[in-house]
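> no letters, just coordinates:
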């Protein structure tokens, strides 16, 4: 892959910049795969979650349906584990509880939507599985430290917190 990047740089054919970016992305992907193989030596977090084949299935399910009312039972079943073993293993590998992960994932999606769309806070909260605008705003503020409306204003002004 490094040879491909060098060749694209030297030959400078049409589309070389695009090809270099693609080679670089593949190089990064391979490096990440090597780094997460088995998860040995990784600190708790997202990369270590990806290294755990069973937990990765549960994370993929959460990512595919963030609005779903996740508890412990369903992701544990997806991972093929008991609820208690899943909760313990998830916390050990991710550094947070499964439900905290769900909340942080939803807030990550919300931050992006608040920066990139004009979706109302209420509609966004509903789309992400919150029962009310108030519960969404409370969860968002707990994770980010500021209410969603202020976050959107700051992002529009270039603060981007």
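Thanks, I have it. As the structure is a computational prediction, the values presented were derived from the model and not from experiment.
> show me where the chain has helices.
2-11, 16-36, 46-51, 53-64, 73-79, 83-94, 98-116, 121-127, 133-144, 148-156 (DSSP state H).
> any chance of CSV for those helices, columns mean neighbour count and mean pLDDT?
Any C-beta I mention is one placed from the backbone N, CA and C, and that applies to glycine too. Formatted as CSV, those follow (neighbours: other C-beta atoms under 10 Å; pLDDT from 0 to 100):
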stretch, mean neighbour count, mean pLDDT
helix 2-11, 13, 81
helix 16-36, 13, 80
helix 46-51, 18, 82
helix 53-64, 16, 95
helix 73-79, 18, 97
helix 83-94, 17, 96
helix 98-116, 18, 96
helix 121-127, 18, 95
helix 133-144, 17, 96
helix 148-156, 17, 93
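> from residue 143, how far off is residue 96?
Distance check for residue 96 against residue 143: by C-beta to C-beta, to the nearest Å, it reads 11 Å.
> residues shared between the contacts of these two?
Listed as contacting both residue 96 and residue 143 by C-beta atoms under 8 Å, 6 or more residues apart in numbering are residue 104.
> and the residue nearest to the spatial centre of the chain, what does it touch?
Closest residue to the average C-alpha location of the chain: residue 105 at 5.6 Å, with C-alpha atoms, centre = their mean. Applying C-beta under 8 Å, 6+ apart to residue 105 gives the contacts 62, 63, 66.
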